[in-house]
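Participant: the sequence isn't on hand, but the structure is:
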RNA sequence: CGGAAUGUAGCCCAGCGGCUAGGGCACCUGCUUUGGGAGCAGGAGAUCGGAGGUUCGAGUCCUCUCAUUCCGACCA
């Protein structure tokens, strides 16, 4: 590519809307343009990197027996109604009508479409397993798009779906994809960590996220310093706690007046106690039915864990009026003692860690002291439903402490089971002629986000430092004095040599000053700069600068193409 | 959904109710320069997000609206 003919343009200034390095650099390097909130044009440089990431994905998946398909972005509502997600998915799903008034959506994910596609073809046990994937634009009407391509509304995603005969097969498919993802992200040149993850609304019971570690990440990861445990905070389990308190230490229950004091902070400050001695009592609505949740005052309820345990389609804190109607008292004074017997009570493990709790009295302006598990209240279940936190004991090795990191989720793998295949009747006949639903898994990679995450991890004050496997271009040839015929001719010869050698090369043949070209080359982040100036060309040398190390070296003009070609080829396939 | 801020040339930003709306970057012309985003001179480019209103006079004040960005979102 000749820069004199290229569409691209770099900028010196950044928009104040660009908050993080990857967004700022993509903006300055002329890789993306914002068209609307969370919606971007991908300009040539960005698309070249994206295509390379896509091809790495294709190579790793195809070599593992996956097949690529392409499904529509616009999907009729009836498929989504079959699984109930038309109603459950909420505002993230962009819905609209066609000219005939029929409902459609922009697909945010494709479980319904792929399951429909597969059920039309699937007949016999002899056909499975299948693993189908696509790379395609998705649309999710995010409540808060931000950070450029990091959280867009329209974004490029690779989504794959596996169909197996049984659970064993599905788990094999799952771990095969886990390995594929490890290979893919290694090749893309990002530092990442696979962590235990929550499954969320998509369903299923096993999931890992691939998190690129970066301070700008939106996700919180907890990992053990002593063992290999790592989990998203949405999923991380809290420390095991002993549940047999000594009843001889229980004190007598006592009611205290706490006029106007409702929150834990207010009451604990009013009573001069620490929030950790407080038993927090929350009323949730799970599928519109009330549930009381008890938890230590210094812990927070992890609603995704709670929802998973309850198996509820929807879960939210009950409104004040709902609490008053079902419990008979306003929030702030709810407690575990004397609740209506028909309301289920679920306690977090932390409730077993303390004695002589302070709680609401189920009476206005009153709390009670010395409330104890077993003597004063008996929850129907005691479960791990709290957020783990940095400093907790590791739930796996019981030795190390958890520490907190920020991560960018670039991929996630799910074991789905038969949730979709049952709801949509995607089944096959087994050896006995019995119909059985396929066991499914689904697997996503945010392609644009992977590119952004790579920039987030690989840049300096001068610009991007592309890992070779995903660099838009591998080499830039920089003739510094175009009016020097020897320089211009040599540059053309070397440029052509790289092209013939199959190296992705640009020549900066713009009539610009040297400094201008250097700044641009550093900003764009070409892994190798081949600099040709009058002096060095006259001496029969090219100056070569490696962007990542900053190392500069001189190479005889006759050798430069071969030497740099070999350097590129060694790195083109990336890590692992 | 709640709160806040911002919309002025392709990009980044100034602009006190008062004359013909400024600057930097980028762009065009000429001269000069030519190894880390050069200099000088000249030039083109804006219905100041949109609609109403107040006023002798509105980019500036008021109302509505649209858009973008940031913070927060039930913890009793």
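Facilitator: That came through, no problem. Keep in mind the model is a prediction, meaning the values are calculated, not measured.
Participant: not counting sequence-adjacent ones, nearest residue to residue A:486?
Facilitator: Closest residue in space to residue A:486, ignoring its immediate chain neighbours: residue A:537 at 5.2 Å, by Cβ to Cβ, 6 or more residues apart in numbering. Every C-beta, even on glycine, is put in place using the N, C-alpha and C of the backbone.
Participant: just residue A:219 next, same as before
Facilitator: Nearest to residue A:219 is residue A:407, by Cβ to Cβ, 6+ apart, at 4.7 Å.
Participant: can you give me the separation between residue A:156 and residue A:33?
Facilitator: When distance is defined by Cβ to Cβ, to the nearest Å, residue A:156 is 16 Å away from residue A:33.
Participant: out of these two, which sits in the busier spot?
Facilitator: Neighbour count, other Cβ atoms under 10 Å: between residue A:156 and residue A:33, residue A:156 has more, with 22 against 12.
Participant: so that one, which of the three states?
Facilitator: Following DSSP: H, G, I helix; E, B strand; the rest coil, we place residue A:156 in the strand state.
Participant: let me know whether it touches residue A:73 as I believe.
Facilitator: No: in this structure residue A:156 lies outside contact range of residue A:73 using Cβ atoms under 8 Å: 11.3 Å.
Participant: so what's the residue count around the closest residue to residue A:12 other than its chain neighbours?
Facilitator: Spatially, and ignoring its direct neighbours in sequence, residue A:12 is nearest to residue A:28 (7.5 Å; Cβ to Cβ, 6+ apart). Counted with other Cβ under 10 Å, the neighbours of residue A:28 add up to 19.
Participant: next up, the contacts around residue A:28.
Facilitator: Residue A:28 is in contact with A:10-14, A:463, A:523, counting by Cβ atoms under 8 Å, 6 or more residues apart in numbering.
Participant: could I get these as JSON lines with neighbour count?
Facilitator: Listed next are the contacts of residue A:28 as JSON lines, based on neighbours: other Cβ atoms under 10 Å:
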{"residue": "A:10", "neighbour count": "16"}
{"residue": "A:11", "neighbour count": "11"}
{"residue": "A:12", "neighbour count": "7"}
{"residue": "A:13", "neighbour count": "8"}
{"residue": "A:14", "neighbour count": "14"}
{"residue": "A:463", "neighbour count": "22"}
{"residue": "A:523", "neighbour count": "19"}
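Participant: beta-bridge partners for the nearest residue to residue A:333 once chain neighbours are set aside, please?
Facilitator: Counting by Cβ to Cβ, 6+ apart, residue A:360 is the residue found nearest to residue A:333 once chain neighbours are left out, at 4.3 Å. Taking DSSP bridges as the rule, residue A:360 bridges to residue A:367.
Participant: over to residue A:463?
Facilitator: residue A:460.
Participant: list the contacts for it?
Facilitator: Applying Cβ under 8 Å, 6+ apart, the residues contacting residue A:463 are A:25, A:28-29, A:522-525.
Participant: ditto for residue A:542
Facilitator: Residue A:542 makes contact with A:494, A:530-532, A:536, A:554-557, A:560, according to Cβ under 8 Å, 6+ apart.
Participant: hmm, 7 Å instead?
Facilitator: A:494, A:530-532, A:536, A:555, A:557, A:560 (Cβ atoms under 7 Å, 6 or more residues apart in numbering).
Participant: what is the burial count for residue A:464?
Facilitator: Neighbours of residue A:464 (other Cβ under 10 Å): 26.
Participant: whoops, I mixed them up, residue A:231
Facilitator: Per other Cβ under 10 Å, the neighbour tally for residue A:231 reads 23.
Participant: now it: closest residue in space, sequence neighbours ignored.
Facilitator: residue A:196 is the one closest to residue A:231 (Cβ to Cβ, 6+ apart), at 3.8 Å.
Participant: OK, now which residue of the stretch 151-300 of chain A is nearest to RNA strand B?
Facilitator: Per Cβ to the nearest atom of the strand, residue A:264 is where the stretch 151-300 of chain A lies closest to RNA strand B, at 3.1 Å.
Participant: surely that residue and residue A:278 touch.
Facilitator: Yes: counting by Cβ atoms under 7 Å, residue A:264 touches residue A:278, with 5.1 Å between them.
Participant: between those two, which one's more packed in?
Facilitator: Taking other Cβ under 10 Å, residue A:264 and residue A:278 do not tie; residue A:278 has more neighbours (23 against 20).
Participant: look up phi and psi at the residue in the stretch 401-550 of chain A that RNA strand B sits nearest to.
Facilitator: Proximity to RNA strand B, evaluated over the stretch 401-550 of chain A using Cβ to the nearest atom of the strand, is greatest for residue A:533 at 1.6 Å. For residue A:533, the backbone dihedrals (degrees, to the nearest 10) come out as phi -120, psi 170.
Participant: what about it, neighbour count?
Facilitator: By other Cβ under 10 Å, 18 other residues sit near residue A:533.
Participant: nearest spatial neighbour of it, skipping sequence neighbours?
Facilitator: Spatially, and ignoring its direct neighbours in sequence, residue A:533 is nearest to residue A:480 (4.3 Å; Cβ to Cβ, 6+ apart).
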